[in-house]
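Trainee: return atomic coordinates for the entry below.
(2 chains)
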Amino acid sequence: MEVKSEASGPKATRVKTEPRVNSENQTYKLRAKNIDVFYGDFQAIHDISLDIIDNSITAFIGPSGCGKSTFLRLFNRMNDYIDGFSMNGQILLEGQDIYDPSVNVEELRKKIGMVFQKPNPFPKSIFENVAYGLRIQGIKDKDFIEQRVVESLKQATLFEEVKDDLDKQALALSGGQQQRLCMARTLAVKPSVLLMDEPTSALDPISTAKIEELITELKKKYTIAIVTHNMQQAGRISDNTVFLYMGKLVEYGDTQKIFTNPEKDRTQNYITGRFG
Amino acid sequence: MGLTATILCLLILAIFIGFIIYQGVGRLSWDFLISLPSRFAERSGIYTAWIGTLWVLVLTTLISFPLGVGAGIYLEEYGKKNKLNKFLEINIANLAGVPSIIYGLLGLEVFVRLMNMGSSILAGSLTLALLILPIIIVSTREAIRAVPSTIKEASVALGASKWQTIWNQILPASFGGILTGVILAISRAVGETAPLIVVGALAYVPFAPQGPLDEFTVLPIQIFNWVSRPQHEFAINAAAAIIILLLITFIMNGIAVYMRHRWQRKIDW
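Mentor: I've put the predicted structure just below:
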């Protein structure tokens, strides 16, 4: 005779109600808990836990192959399609596990937008690039789409440059313009988090400055996580900095502190350019 | 060395075509196109043959295009990298090299006999569709693979589903390549003789086919039949018919080249 578990009545839904506010009254937008990532047998991320604060810019730095892009792509589940990918741990967006089987990945990606390393506009017109995210949601209202396209282009500080020719091929734009178009395209879907994977590494200094200015401006409304190879960039624009090395979290904290007075020697060495 | 070989090849081809045109062009006329075959060479025409070719062409396209492109999309975008799919891939590549007469035998057994279609246009088209499916699948996959993965990522990252990404981004970007492959495959099917003979296409069909279940003949079989006759007049008929067949394949190849050119110019990554 087995004694059944005493739980009776409707099964309690597992709601993870953890405090999302820290001692300084900052809200956590994203929380990663004990993340391991494997590509086949290779372990790319080793037990990383970190919290990303709402309406802040978090920079991920570290030498090539340290796992920063892999880590960033966990937040919008872009690694899902990679062969051999598997992971342990949890990633919570506003307290909800985004790897839970009940999560609709498409909906998730509307909340967490991404801008890539190389500008990758679609081979369509400027207008259609920005409208794409809305069209795939089945939105047909022309006025609404047009209004959102203009609004997004303005937000991405591209509107003034292209307003006379929105039907122009996006691929005919310059690299910097293309990248801002990609920003506009992402913003049009109204995400609350923006992931950026080395968004300026393919751009010239002037375009880079424009993008950085834009990112700083976007912080007011969005939580931003950015991967960068550029130390100065991380120092200039981010509030917090994560330093990864060989798939492990070395140091995470206030950017000011990490760049002036890091706790670990390895961080110090990397930031001052002694290795990496 | 290579240049000499190329020139030699082209020269032989030019002589070949020149000879055919010299022989056959005088025989080309409206009557030749709309006359039924006859045992008198000068009264004989290719009406049944080109109507049959047209039927086969359209049906083969209708069957092989959706199947081949669909299979290509599946293997490239949905198929997991497991043993079964690897096995399928190797076999599709091998199928492209199987002699066409083998397909004819398969068609004879499966379509004509087992499925009771008889020696009909439908049976012939299904057989040819099988023959060119591997070509269409392989070229579809290549065209899809040529689309940069950054485009797929951009679409997916905006919340598009896999199918939305395929439909809105991957297919438009690879359509030129897919279409080129399909057209080249079909123009190969138009010239095929052996599998259709095995399936039972007839050299002499007294009436033009009215529907997909009618008996039929096609241009290559008509040509084959005329060439094998002893009278010189039939050889001239064959030459004229070859000109028509060549025209059809050239036009189709021309369309393929144009498509590729047009779509490539439109998208410059």
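Trainee: which parts of chain B are helices?
Mentor: Remark: helices assigned in chain B by DSSP state H are B:2-24, B:30-34, B:47-73, B:83-95, B:100-107, B:121-145, B:149-157, B:162-165, B:171-191, B:194-199, B:219-227, B:232-266.
Trainee: can you tell which of these is closest to chain A?
Mentor: Across those, chain A has its closest neighbour in helix B:149-157 (3.9 Å, C-beta to the nearest C-beta). The way it works is simple: take the backbone N, C-alpha and C, and place the C-beta from them, glycine included.
Trainee: okay, the angle between the closest one and helix B:171-191?
Mentor: Here the directions of helix B:149-157 and helix B:171-191 differ by 120 degrees (axes from the mean of the first three to the mean of the last three C-alpha atoms, to 10 degrees).
Trainee: next, the angle from helix B:149-157 to helix B:121-145.
Mentor: Using the same axes, to 10 degrees: helix B:149-157 against helix B:121-145 is 90 degrees.
Trainee: pretty sure B:Gly177 is touching B:Ser139, no?
Mentor: Yes - counting by C-beta atoms under 8 Å, B:Ser139 is a contact partner of B:Gly177 at 6.8 Å.
Trainee: export the helices of chain B as CSV, with columns for mean pLDDT, distance to chain A and mean neighbour count.
Mentor: Putting the helices of chain B into CSV (pLDDT from 0 to 100; distance: least, C-beta to the nearest C-beta, whole Å; neighbours: other C-beta atoms under 10 Å in any protein chain shown) gives the following:
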stretch, mean pLDDT, distance to chain A, mean neighbour count
helix B:2-24, 91, 35, 11
helix B:30-34, 85, 43, 13
helix B:47-73, 92, 15, 21
helix B:83-95, 88, 12, 12
helix B:100-107, 92, 34, 20
helix B:121-145, 93, 14, 24
helix B:149-157, 93, 4, 20
helix B:162-165, 94, 5, 16
helix B:171-191, 89, 6, 21
helix B:194-199, 88, 39, 23
helix B:219-227, 89, 40, 22
helix B:232-266, 85, 7, 17
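Trainee: out of the ones you listed, which comes closest to A:Gly62?
Mentor: For these, the distance to A:Gly62 is smallest for helix B:149-157, at 21.7 Å, taking C-beta to C-beta.
Trainee: show me the residue sitting in the middle of the chain in space.
Mentor: Unless you meant another one, I'm taking chain A. Centroid-nearest residue in chain A: A:Leu195, 1.6 Å away (criterion: C-alpha atoms, centre = their mean).
Trainee: the intended chain is chain B.
Mentor: By C-alpha atoms, centre = their mean, chain B has its centre lying nearest to B:Ile186, at 1.9 Å.
Trainee: state the number of residues packed around B:Ser44.
Mentor: 20 (other C-beta atoms under 10 Å in any protein chain shown).
Trainee: any regions of the stretch 51-200 of chain A where pLDDT drops low?
Mentor: Low-confidence segments of the stretch 51-200 of chain A, defined by pLDDT under 70, are absent.
Trainee: run through the residues of it sitting next to chain B.
Mentor: Residues of the stretch 51-200 of chain A lying close to chain B (C-beta under 8 Å from any C-beta of the partner chain) are A:76, A:78, A:81, A:83, A:106-107, A:109-110, A:113-114, A:116, A:118, A:120-123, A:132-133, A:135-137, A:171, A:182, A:185-186, A:189.
Trainee: try 7 Å this time
Mentor: Counting by C-beta under 7 Å from any C-beta of the partner chain, the stretch 51-200 of chain A comes close to chain B at A:76, A:78, A:83, A:106, A:109-110, A:113-114, A:116, A:118, A:120, A:122-123, A:132-133, A:136, A:171, A:185-186, A:189.
Trainee: so what's the residue nearest to the centre of chain B up against?
Mentor: By C-beta atoms under 7 Å, 6 or more residues apart in numbering or on different chains, B:Ile186 lies in contact with B:Leu57, B:Thr60, B:Thr61, B:Ile132, B:Met252.
Trainee: does A:Val37 touch A:Ile48 like I think?
Mentor: No - here A:Val37 does not reach A:Ile48: they are 8.8 Å apart, not a contact under C-beta atoms under 7 Å.
Trainee: which helix or strand contains A:Ala225?
Mentor: According to DSSP states H and E, A:Ala225 maps onto strand A:223-227.
Trainee: for the stretch 1-150 of chain A, what spans make up the strands?
Mentor: Using DSSP state E, counting those that start in this stretch, the strands of the stretch 1-150 of chain A run over residues A:28-39, A:42-53, A:57-61, A:85-93, A:96-97, A:112-115.
Trainee: mind putting those into TSV with mean neighbour count?
Mentor: Output for the strands of the stretch 1-150 of chain A, formatted as TSV (neighbours: other C-beta atoms under 10 Å in any protein chain shown):
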stretch	mean neighbour count
strand A:28-39	18
strand A:42-53	17
strand A:57-61	26
strand A:85-93	17
strand A:96-97	16
strand A:112-115	26
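Trainee: so which of those is nearest B:Met115?
Mentor: Nearest to B:Met115 among those is strand A:85-93 (44.9 Å), distances taken as C-beta to C-beta.
Trainee: ok, the closest one: who's next to it in the sheet?
Mentor: When sheet partners are counted by DSSP bridges, strand A:85-93 sits next to strand A:28-39 (antiparallel), strand A:96-97 (antiparallel).
Trainee: tilt between it and strand A:42-53?
Mentor: Note on geometry: by the same axes, to 10 degrees, strand A:85-93 and strand A:42-53 are set 10 degrees apart in direction.
Trainee: residues contacting strand A:85-93, please?
Mentor: Residues from elsewhere that reach strand A:85-93, judged by C-beta under 7 Å, 6+ apart: A:16, A:30-39, A:74-75, A:79, A:97-99, A:111.
Trainee: pull the distance from it to the chain's centre.
Mentor: Centroid separation between strand A:85-93 and its chain, computed with C-alpha atoms, centre = their mean, to the nearest Å, is 15 Å.
Trainee: ok, stretch A:97-109 next?
Mentor: Distance of stretch A:97-109 from the chain centroid (C-alpha atoms, centre = their mean) equals 16 Å.
Trainee: that older thread, any chance of the helices of chain B in CSV, plus distance to A:Lys248?
Mentor: Shown next, in CSV, are the helices of chain B (distance: least, C-beta to C-beta, whole Å):
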stretch, distance to A:Lys248
helix B:2-24, 56
helix B:30-34, 78
helix B:47-73, 40
helix B:83-95, 35
helix B:100-107, 58
helix B:121-145, 35
helix B:149-157, 26
helix B:162-165, 33
helix B:171-191, 39
helix B:194-199, 62
helix B:219-227, 68
helix B:232-266, 46
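Trainee: out of these, the one nearest A:Thr228 is which?
Mentor: Among the helices of chain B, helix B:149-157 sits nearest to A:Thr228 (C-beta to C-beta), with 18.4 Å.
Trainee: please list the residues outside the closest one that contact it.
Mentor: Taking C-beta under 7 Å, 6+ apart as the rule, helix B:149-157 contacts A:76, A:78, A:109, A:113-114, A:116, A:118, A:120, A:122, B:165, B:168-170, B:173.
Trainee: since that was my last question, I'll sign off now.
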